[in-house]
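In: Any chance you could fold what I've pasted below:
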Amino acid sequence: MFEELLGKKNTILIGIDIGSYSVKAVLMERHGSQYKLLQCARELMPKGIMNDKEIQDIEAVGKVIQRLRKRLPKQYKQVSVAVSGSTVITKTIFMDASFNDDELATQIEIEADSLIPYPIEEVNLDFERLGINQADKSKVNVLLSAARTESVEARVSAIELGGLTAKVMDVESYALARAAKLCMHQLPSDANKKLVAVVDIGAHMTLMSVIRGEDVIYTRDQSFGGDMYTKNIVNYYNKSYEEAELAKLTADLPPSYTFEVLAPFQTAIIQQIRRAIQMFTTSTSEDKVDYLLLSGGTALVEGLAEVITEELGIHCVIASPFMQMNQGETLTAENNQHNSEYLIASGLAMRSFNSCHI
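Out: Presented below is the predicted three-dimensional model:
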């Protein structure tokens, strides 16, 4: 199934990001190097139907997607969606450069047992050529992607229950990296030649993709997110979860909130990013990242980019993927707000124009 979903594009795809807190959708066109945003929308997800990026209630997620579907142009039905979390593995392997795709597929299936820590009958595999290995010209770098079959099928089923068709199954960290090109204008002019860490902080999971130009150098998922921030508001101010979420959005919190909740959470985020960067530098030949691009709903925490820049000494900005796009006339008012939470969905929508993983 994974191979079938990673097929050639036939039409414009709706990028759908299934998160723990909400489901986001982005639909865009491309004309030359210019993108046009046709629509973006999100629907909140009931609590408890996602756990560690895995769908616990397929029917409930399908109903959320069904509501989202009503806010999108009816003529678009095919979807690009992604897997993430502990059930997904991506790794770069080295294969004989003379192999064609069929030979690569055969060889990867032969070696899969030693490459994947799950029974081979429980996973879907796919691969993509990345280019000739610079250290050994007789080898080609190949990106191997593997996901638990149940994780893939749950997303496909939820999409179908929502009245849409899953055409492409991607990996969230690669969708995140792909979408970074929409935000490079926010960084200094040399950013395309430098190492840029794209960090997406969701409700429960933080993703980091390190890129240099068109190349994805490193990816990592870690269990940490904005839900911790909400729970601290609940505990400090005796609010319900829903009241705490509303208080975050409206800034309806006492003056003591700054040092009781905000500052400790900012510190926790900085610690997570510092640890992720350390993992990157110890597992590669690189010794630093040059720029940080922050996305996800939690990226909008008050003053976060400025504090990260000050504490880590790395120039940090909040992603705004729609800033330079032409925009369709049907866009609703919510789309004029800061749109960092749509970065992964944007990267998935960009699969309409790019048949490979990256």
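In: Relative to L187, how far out is S346?
Out: Separation of S346 from L187 (Cβ to Cβ, to the nearest Å) stands at 17 Å. Glycine gets a C-beta too; all of them are placed from N, C-alpha and C.
In: who's in contact with the residue lying closest to T87 once chain neighbours are set aside?
Out: Using Cβ to Cβ, 6 or more residues apart in numbering and skipping the chain neighbours, the partner closest in space to T87 is R148 (4.0 Å). When contacts are counted by Cβ atoms under 8 Å, 6 or more residues apart in numbering, R148 is found next to T87, V88, Y118, E122, V123, N124.
In: For those, work out which two are farthest apart.
Out: Within these, two members stand farthest from each other by Cβ to Cβ: V88 and E122, at 13.0 Å.
In: More neighbours: these two, which one.
Out: V88 (21 against 12; other Cβ atoms under 10 Å).
In: Confirm for me that the more buried one is in contact with A146.
Out: Yes: the criterion here is Cβ atoms under 8 Å, and V88 meets it with A146 at 7.2 Å.
In: quick one: the strands in the stretch 51-200 of the chain?
Out: 54-55, 78-83, 88-96, 123-132, 139-148, 165-171, 196-201 (DSSP state E, counting those that start in this stretch).
In: Including distance to C316 and mean pLDDT, could those go into JSON lines?
Out: Output for the strands of the stretch 51-200 of the chain, formatted as JSON lines (distance: least, Cβ to Cβ, whole Å; pLDDT from 0 to 100):
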{"stretch": "strand 54-55", "distance to C316": "30", "mean pLDDT": "87"}
{"stretch": "strand 78-83", "distance to C316": "24", "mean pLDDT": "94"}
{"stretch": "strand 88-96", "distance to C316": "25", "mean pLDDT": "83"}
{"stretch": "strand 123-132", "distance to C316": "28", "mean pLDDT": "82"}
{"stretch": "strand 139-148", "distance to C316": "28", "mean pLDDT": "85"}
{"stretch": "strand 165-171", "distance to C316": "24", "mean pLDDT": "92"}
{"stretch": "strand 196-201", "distance to C316": "9", "mean pLDDT": "96"}
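In: which of those sits most buried?
Out: strand 196-201 (a mean of 27; mean count of other Cβ atoms under 10 Å).
In: That strand packs against which elements?
Out: Judged by 3 or more Cβ pairs under 8 Å, 6 or more residues apart in numbering; DSSP states H and E, strand 196-201 is in contact with helix 172-179, strand 205-212, helix 263-283, strand 291-295, helix 343-349.
In: hmm, try it at 7 Å
Out: helix 172-179, strand 205-212, helix 263-283, strand 291-295 (3 or more Cβ pairs under 7 Å, 6 or more residues apart in numbering; DSSP states H and E).
In: what's in contact with the longest one?
Out: Looking back up the chat, that one is helix 263-283. With contact meaning Cβ atoms under 7 Å, 6 or more residues apart in numbering, helix 263-283 is reached by 197, 199, 201, 206, 208, 210, 218, 220, 222, 224, 228-229, 232, 286-289, 301, 304, 307-308, 311-312.
In: Quick check: which ranges of the stretch 1-150 of the chain have low pLDDT?
Out: Across the stretch 1-150 of the chain, residues meeting the criterion (pLDDT under 70) sit at 1-10.
In: Do a quick rundown of the helices in it.
Out: 2-5, 58-69, 101-115, 149-161 (DSSP state H, counting those that start in this stretch).
In: so V88 touches A147, yeah?
Out: Yes: counting by Cβ atoms under 7 Å, V88 does reach A147; the two are 4.9 Å apart.
In: ok, so what distance separates A146 from T250?
Out: In terms of Cβ to Cβ, A146 sits 43 Å off from T250.
In: Contacts only, for A166.
Out: L5, V79, V81, R155, V156, I159.
In: Same check on L13?
Out: Contacts of L13 by Cβ under 7 Å, 6+ apart are Q78, V79, S80, K167, V168, A349, R351, S352.
In: ok, these vs L130, which is closest?
Out: Within the contacts of L13, proximity to L130 (Cβ to Cβ) peaks at R351, which comes in at 16.9 Å.
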